[in-house]
Each structure stands twice: as C-alpha cells, then as structure tokens.
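1. Have a look at this fold, sequence not included:
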C-alpha cells in the first residue's frame, strides 16, 4: 500500500478494526502514475466491500463514514489527474508551432487514407479483370497487409498487371508506413507531446500565498551556496532559470526553480516579488543592473542585493535600485587580510553582535604556548572567553584542559574593553619584519594589499601578468611555483603567504609546494568552490575562505531574518530565548557546552547585555541567550531544548 502512495494513519472516529482489512486506517494521496492510481482504486473498492462491522447502529455509521471517505479521496484523485492532463494539453496546444504540427500530421494521415482508398479501388478493378469478386473490406485488408509488408499471401493476383500493381503498393507502403509515418508521428506529435509534459512539470510561477521568500536570478557558486544555507534554515526560495532542460535538471535535483526570464517584468509578478523578503542578483554587473532596474519597477519596497565585480559599477547598481551592493572581490581581500596573524599577536576582529565582539588571535610566540586554558588565566586577566580554537583549519570547542600550541588560533568573545585588555598584554609578542607574500595581483590581491597597508604591514605581490604590476617596489614579476621568484619575494622571512588565484587547482598546487618549502609559514588560501575547502586544508592551508561561502554568508546576513550570523566557515552566532527547560538553572547546571557544543557568550535582558556571564548566572524566562558554535551544535541545541532562533531586524 505504501508503494501506491498511501499513508497509514490512525482512523479518526472508527473504534473497530477489521482483522481482514484495515482500509479505515488509510488516507489516499494523489497517485502520480495511471497504473498506481488504478491499482489504488481497485484495492480501495475491495477494502470497502470487505469491511465487516457489528450490526449495531454506531458501527454502521462508522462504516458509512469510512467508505465515503475512501471514495471521496478517489474522486479527488480523479479530479487532480484530469487537471494534470489538462495542463499538459494546454502547454502542448499553446504554441503556434504545436498547432501547426497537428495540422501537418492530420494532413499526412488524410493523404495516407486517400492513398489506401485508391489502392483498394484499383484492387477491385484488377480482380474483376481476372474474373474474381471481393468485398470492399477485403480490398482494404489486402491493401494494408501489402503496404505494411506483412504479405499473408491468402489473396494474390495471377496476371502481370496485378503483380505489377502489388509491387507499386508494396514500395509505396514501405515509404509511407515504415518511413514517413513513424517520422511524422515522432516529429510532429510525440516529441512535442513529451516536451509539453516536461514543460508542465517545470513551475512557471509561485502560488499567490507565497510570502517571505528569496528570489535568486542566477545559478553560480555563490547562489548555490546560498540555496543550501536557506534550505538548512528552512527559508523558502525560488531560482529563476531560463532554459527548460536546465530547469528540469535542477528541479529533479531538488532545487526550487521557476522557468522564467530574469529580465522580464512579468516574471517578477509571477514569482511574487512584491511579497518577497529579498531578491539576490549574483550575475555579471550588466545583468545585475538590468535585474535591479526591472524588479524595482515591480516593487519599491523589496530589498535587492546585487554583486559587483567592478568598483565603477557600485553607483550604477544603486541608481538602478539595488538596496545593497556587494563587492565580493574587495570583501574577500579584506577577509583574507584579517586572517593574517603572523605579523603580531594582537586580536583581529571578525564579527560583531551588538556590543559583543568576536576576534581571533595567534598564540605563536606568546607565553600561552604549552599552557592549558585553565593555566593561561585569560578570563581572569582580560575578561575574555576563549570560545574556540582553530588548528590547521579545524575548529575545536575547548575546555579547561585544552592545551594551546604554536599553531593554535584563539577565537575570543568579549566587549571592546576586554579586547583592549588582551592587546595590552600580548601586543609586544611575535613582531616580525618580514613581508607578507600575496600570490596574485587581481582584485582580491590588491584588496589584501590595501588592507595590509592600512595596518602598516609590509607585503610583496607575486604576479605573472606584467600589465598588473603597478609598483616595482611591492610587486615581484614571476610565478609562485618558481623558487627563485619566491626567494625574491622574501619567503625566507615571510610570516605568511596568501594565495588568491581564482583557480582552485592552482591554489592546491601552490599550497602543497609552499608547505613543503617552509613548514612553519602560515598559508591562507582562497577557494572558489566550497567543495575544495577541505582539499586545501589537507594540502596544508591554515585558513581557507570560500568565495562562494563568503558571498552566500554576506547575502544571508543581510537578510537577517533569524538570529544567526555566520562568523566564519563552520562558526555561527545564534540568538534564542531561554528555553523553559533551562529556566531557573545556572549556566553551570545547564551544561550547555557539554550537552550541545555551543558556548554561551552573552545574555540579553531588560537590564542590557551581559557579555561572558559567570557560570553562577541564573537563566530566566524571557531573557535571550547568544550562542556561538557550529551549525550542527546549533541544531543539537534546538532539538534538545525545543528552542527556536529569534527573528532580528535592522
């Protein structure tokens, strides 16, 4: 029964269960195939006939209710099937070419029928000439058997004229029935019909009740990563796809697609842009400008986020109607520059959540190396909470006995004053005079150089294209795969090397080479696609930032529909109310970190925000908890305590 699309559920208001049949416990859903539908109907009718209730009135009423429910569901399935076939016919007959194809097919069948009739008439004439008589049915029978090359041989001519006529009928039958008819049927009916079935499967609009969804206008690594993030948190979205075959492929893969053109105003009426939470355009600058201008014609209020490859396009995109323009190349450069921590031991801010700051700091070259968190007394001296440790790209949730080593990068949470306290203690350590090496002088590489210059950090850019070399004092011409080029860039004294090419294969190649060349150097790499992040970590990169993930994170954080901020790869800030299960407990008693893997970094109540609350702090209903952890840890918290993430604005 499950294979037929039937779902067993308890039957309401039916107190008796027949041992021979449990049809009262089944509700019928629409059957996608005709065979399954017929089988479901046959079994339903058999089930209804086999119900055996006691003779009292109450069970008689129950029998009527159950039987009526079965056949009402069957009736509903029939209606839906008729609607499905009607939609296919509508798509099939809608184009003018389909109607023309039908006319051509009918014209061919008419010619074939006339030809068969003429041959049957000639058959009777020749038979009379030979002195035999046959009925008209026999004439059509002989004509069709000869034209189809079956040739039963039960009726034959004896004269040469009759045999010559048979040859003509046979040859014309081979041409018309065996060649032209199949070709005409497939070309003008079967192929268009199958395409109409496919088009009927591809959604062309969203229901009128659709609200709060995200509209994506382009399929690329950024939008692909964004769709995965939206699906993870249960946000509805629609991806606009212009090509039918591509739309069907993505639809079959589980993506929520709409077959529509992104530059048509009608499209955004059909996808309910005026009721959407966000429109995201991640194509090239010209296409994004068109999308923003078109969407803004349909709605003045919907937020529009676009990406810009060129800084010159930012103002134009805003004039076209973009609410927010993301320069992903510039953002990638700034994010990679923040991860360069080999030049000093100071903190580097990576996220803000109100008054709560999240920062990273290297432990290499400081007295922290070799000590446990308990022995470091960081909370006592600075007030900061060590909420995580990065080691070679792997995020770990620490405890009091976690030991800090030379490759540890501390993730710190606290207030601005607490961050300053840490910098005052450790700013004197691990200062190097070497230059940071940046591989690649494109948009990302130049953005890194500007960020390093603002921090008064020396750098060298390795670039193969002479046209990109802007300053001989900071650029080194050559390939990073050449040892002599790296030596001219100062790799012997360099605290870090940042690999920024847009080809993941090249980044993996250079990461392996540089790690073997200098095992203790910090290697930071860009990844265009998310799937190559883990490969770059295995190759030896200390930090890897995915271009796709960073773009998806920026758009997701701009949406801000839930209390979730993506801090870094696999590290999220989330906000939720104190669950009922934790009301009245202290943080120590709740054991949230050991139970879920999430760290409580702040509490928000009517008295304001308490950053890094003490373990003795009592959790009260109505207060808000700010957590940090991996997406999996978030889900464990939600599942364990039945909590939900808060909606945020602004």
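-> Sure, I can see it. The model shown is predicted, which means the values in this text are computed figures rather than measured ones.
2. When you work out contacts or count neighbours from here on, use the C-alpha atoms and nothing else.
-> OK.
3. Check the gap between the residue lying farthest from the centre of the chain and residue 461 for me.
-> With distances taken as Cα atoms, centre = their mean, the residue sitting farthest from the centre of the chain turns out to be residue 131, at 78.7 Å. Computed as Cα to Cα, to the nearest Å, the residue 131 to residue 461 distance reads 103 Å.
4. Same question for residue 361.
-> Going from residue 361 to residue 461 by Cα to Cα gives 24 Å.
5. Looking at the two, which has the bigger crowd around it?
-> Neighbour tally, residue 361 and residue 461, criterion other Cα atoms under 10 Å: the higher count belongs to residue 461, 30 against 25.
6. quick one: pLDDT of residue 334?
-> If you check residue 334, the pLDDT there is 86.
7. now residue 610
-> For residue 610, the predicted pLDDT is 88.
8. How about the secondary structure of it?
-> Under DSSP: H, G, I helix; E, B strand; the rest coil, the three-state class of residue 610 is strand.
9. If residue 624 is in a bridge, with which residues?
-> Going by DSSP bridges, residue 624 is paired in beta bridges with residue 577, residue 604.
10. I figured it hits residue 601, correct?
-> No: proximity of residue 624 to residue 601 does not meet the contact threshold set by Cα atoms under 8 Å, at 11.1 Å.
11. Which one's more surrounded, the two?
-> Of the pair residue 624 and residue 601, residue 601 is the one with more neighbours under other Cα under 10 Å, namely 24 against 20.
12. Phi and psi next, for that one.
-> When read as degrees, to the nearest 10, the backbone of residue 601 gives phi -100, psi -10.
13. pLDDT score assigned to residue 430?
-> On pLDDT, residue 430 comes in at 63.
14. just residue 173 next, same as before
-> At residue 173, pLDDT is 88.
15. Which element, helix or strand, includes it?
-> Using DSSP states H and E, residue 173 falls within helix 160-175.
16. Mind listing the shared neighbours of residue 624 and residue 601?
-> Residues touching both residue 624 and residue 601 (Cα atoms under 8 Å, 6 or more residues apart in numbering): none.
17. what sits up against stretch 538-546?
-> 332, 336, 339, 391-393, 508, 511-512, 515, 522-530, 533, 536-537, 569.
18. now do 6 Å
-> 392-393, 512, 523-528, 530 (Cα atoms under 6 Å, 6 or more residues apart in numbering).
19. do the same with stretch 307-327
-> Stretch 307-327 has contacts (Cα under 6 Å, 6+ apart) with 282, 285, 289, 292-293, 296, 303-306.
20. which pair in these spans the largest distance?
-> Distance extremes for the contacts of stretch 307-327: the farthest pair is 285 and 303 at 17.6 Å, using Cα to Cα.
21. where in the protein is pLDDT low?
-> For the chain, the stretches with pLDDT under 70 are 1-95, 196-200, 342-343, 392-393, 430-433, 560-570, 645-650.
22. thinking again about what came up before, would the residue farthest from the centre of the chain count as being in a strand?
-> No: secondary structure of residue 131 (three-state DSSP): coil, not part of a strand.
23. Check the gap between it and residue 124 for me.
-> Noted for residue 131: a distance of 10 Å to residue 124, by Cα to Cα.
24. What of residue 304?
-> 78 Å.
25. list the helices and strands the helix or strand containing residue 125 packs on?
-> Taking DSSP H and E as the definition, residue 125 sits inside helix 96-129. Contacts defined by 3 or more Cα pairs under 6 Å, 6 or more residues apart in numbering; DSSP states H and E place helix 96-129 against no helix or strand at all.
26. Recalculate using a threshold of 7 Å.
-> helix 136-147 (3 or more Cα pairs under 7 Å, 6 or more residues apart in numbering; DSSP states H and E).
27. just how off-centre is the helix it packs on within its chain?
-> Distance of helix 136-147 from its chain centroid, counting by Cα atoms, centre = their mean, to the nearest Å, is 60 Å.
28. Can you tell me what sits against it?
-> Residues outside helix 136-147 that contact it (Cα atoms under 7 Å, 6 or more residues apart in numbering): 116, 119-120, 123-124, 151, 169-170, 172-174.
29. Apply 6 Å and report the result again.
-> Against helix 136-147 from outside (Cα under 6 Å, 6+ apart): 120, 151, 169-170, 173.
30. do stretch 579-594 as well
-> 599, 615-621, 643.
31. Tell me the buried residues in it?
-> 579, 582, 586-587, 590-593 (16 or more other Cα atoms under 10 Å).
32. Please apply the same query to stretch 500-510.
-> If you call a residue buried by 16+ other Cα under 10 Å, then stretch 500-510 has these buried ones: 500-502, 504, 507-508, 510.
33. can you tell me which of those residues are in helices?
-> 504, 507-508, 510 (DSSP state H).
34. Kindly check the end-to-end length of stretch 584-603 for me.
-> Terminal residues of stretch 584-603 are spaced 14 Å apart (Cα to Cα).
35. ok, residue 492 - contacts?
-> Contact analysis of residue 492 by Cα under 6 Å, 6+ apart lists nothing.
36. Kindly provide the distance from it to residue 483.
-> Computed as Cα to Cα, the residue 492 to residue 483 distance reads 11 Å.
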